[in-house]
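A.B. asks: make a model of this:
(2 chains)
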2 protein chains.
Amino acid sequence: MPPSENTHRDVPRTVECTVIGTIRTPYKRLSDCPKTVHDNPALCTLVLDHAFADGLFGLEHESHVLVLYWLDQARRDWLRRPARSDREELGVFALRTPNRPNPIAATVAPVVRVEGNCVEVRGLDCLDGTPLLDIKRAIFFDAG
Amino acid sequence: MPPSENTHRDVPRTVECTVIGTIRTPYKRLSDCPKTVHDNPALCTLVLDHAFADGLFGLEHESHVLVLYWLDQARRDWLRRPARSDREELGVFALRTPNRPNPIAATVAPVVRVEGNCVEVRGLDCLDGTPLLDIKRAIFFDAG
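C.D. replies: Residues are numbered from 1 along each chain as shown, chains lettered A, B, ... in the order given. Coordinates of the predicted model:
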């Protein structure tokens, strides 16, 4: 392995993401949100701010998208999930927990409809009003 | 569809990500980087800042990770990729191009080794020294 110290210059300590829109979901409280995306066929809508809507051009031809969104209710100071009787202790980078230094969720979702500045998809697990960061053509798919 | 205007309150216009480390790759210039992750078996190393290394606990049991990283050389003001004779015009959200409002790359990579604050993986496509944002247990896999 290379030296374990980061000796690269010019690496910023933080980077700023632009919130490009919000996600409308049926979930008004964290306790409403499904625990996994697998048991969750709900219709959700990615509502882009109008300034970014042109970036959707051609998306209606895609069957699935990878959606990146910001889980603003998450704890950012956890590095391990505590052990419980029913689960082992694990580092946050070995998990999908929202509680992590950068709470960016990444979910592959089927596209139902694209219209204007909106994309209807199925199966997101986040609160209504969650900040949207990115949409990408899906090149990988959920392995279940 | 719901109303296309974003009427949700309390949505920030930007969010701040913490750079948790850097990625060491063989690619010193953009012209060295592979065009896709498919033709690219190179060993790369995720070097976490020591403050975040504890989040790797247990990761050695995973076969693949989803790596999120920040493509700091990208153009953030593009919403469409221009048409050329060999390709159609498309919006950036229908593409995987680095040039997008939030240049967060998302790649599923096989784990080779975890040691201390480093994770060796195969097949990333980014410049040496690229800022690392997140590592997640992979739940989906490349279909390409």
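A.B. asks: so the most centrally placed residue in chain A versus B:Gly55, what's the distance?
C.D. replies: Centroid-nearest residue in chain A: A:Ala105, 2.5 Å away (criterion: C-alpha atoms, centre = their mean). Using C-beta to C-beta, to the nearest Å, A:Ala105 is found at 17 Å from B:Gly55. From N, CA and C alone the C-beta is placed, and that goes for glycine too.
A.B. asks: kindly report the same for A:Pro131.
C.D. replies: 23 Å.
A.B. asks: ranges for the helices of chain A?
C.D. replies: Remark: helices of chain A are absent; assignment by DSSP state H.
A.B. asks: any stretches of it with poor pLDDT?
C.D. replies: A:1-9, A:36-39, A:141-144 (pLDDT under 70).
A.B. asks: where is the longest strand in it?
C.D. replies: The residue-count maximum for a strand in chain A (DSSP state E) belongs to strand A:104-115.
A.B. asks: in its sheet, which strands sit next to that one, and in what direction?
C.D. replies: According to DSSP bridges, strand A:104-115 forms sheet pairs with strand A:64-70 (antiparallel), strand A:118-122 (antiparallel).
A.B. asks: looking at the ones you listed, which is buried most?
C.D. replies: strand A:64-70 (a mean of 23; mean count of other C-beta atoms under 10 Å in any protein chain shown).
A.B. asks: list the contacts of that strand.
C.D. replies: For strand A:64-70, the surrounding residues in contact (C-beta atoms under 8 Å, 6 or more residues apart in numbering or on different chains) are A:17, A:19, A:23, A:46, A:59, A:103-111, A:119, A:121, A:124, A:126, A:130-141, B:15, B:68, B:93, B:102, B:104, B:106.
A.B. asks: so which bits of the longest strand of chain A are buried?
C.D. replies: Buried positions in strand A:104-115, judged by neighbour count with 16 or more other C-beta atoms under 10 Å in any protein chain shown: A:Ile104, A:Ala105, A:Ala106, A:Thr107, A:Val108, A:Ala109, A:Val111, A:Val114.
A.B. asks: tell me who's in contact with the last one.
C.D. replies: Going back to what we said before, that points to A:Val114. A:Val114 makes contact with A:Leu56, A:Leu59, A:Glu60, A:Glu120 under the criterion C-beta under 8 Å, 6+ apart.
A.B. asks: so who does the third one touch?
C.D. replies: Shown in contact with A:Glu60 (C-beta under 8 Å, 6+ apart): A:Val111, A:Arg113, A:Val114.
A.B. asks: now, which of those sits nearest B:Glu89?
C.D. replies: Closest approach to B:Glu89 among the contacts of A:Glu60 (C-beta to C-beta): A:Val114, at 15.8 Å.
A.B. asks: so what's the closest one closest to, chain neighbours aside?
C.D. replies: A:Glu60 (4.3 Å; C-beta to C-beta, 6 or more residues apart in numbering or on different chains).
A.B. asks: try A:Ile23
C.D. replies: In space, A:Ile23 is closest to A:Thr130, 4.5 Å off (C-beta to C-beta, 6+ apart).
A.B. asks: please report how far that neighbour lies from B:Gly58.
C.D. replies: With C-beta to C-beta as the criterion, A:Thr130 and B:Gly58 are 28 Å apart.
A.B. asks: sweet, I'm off.
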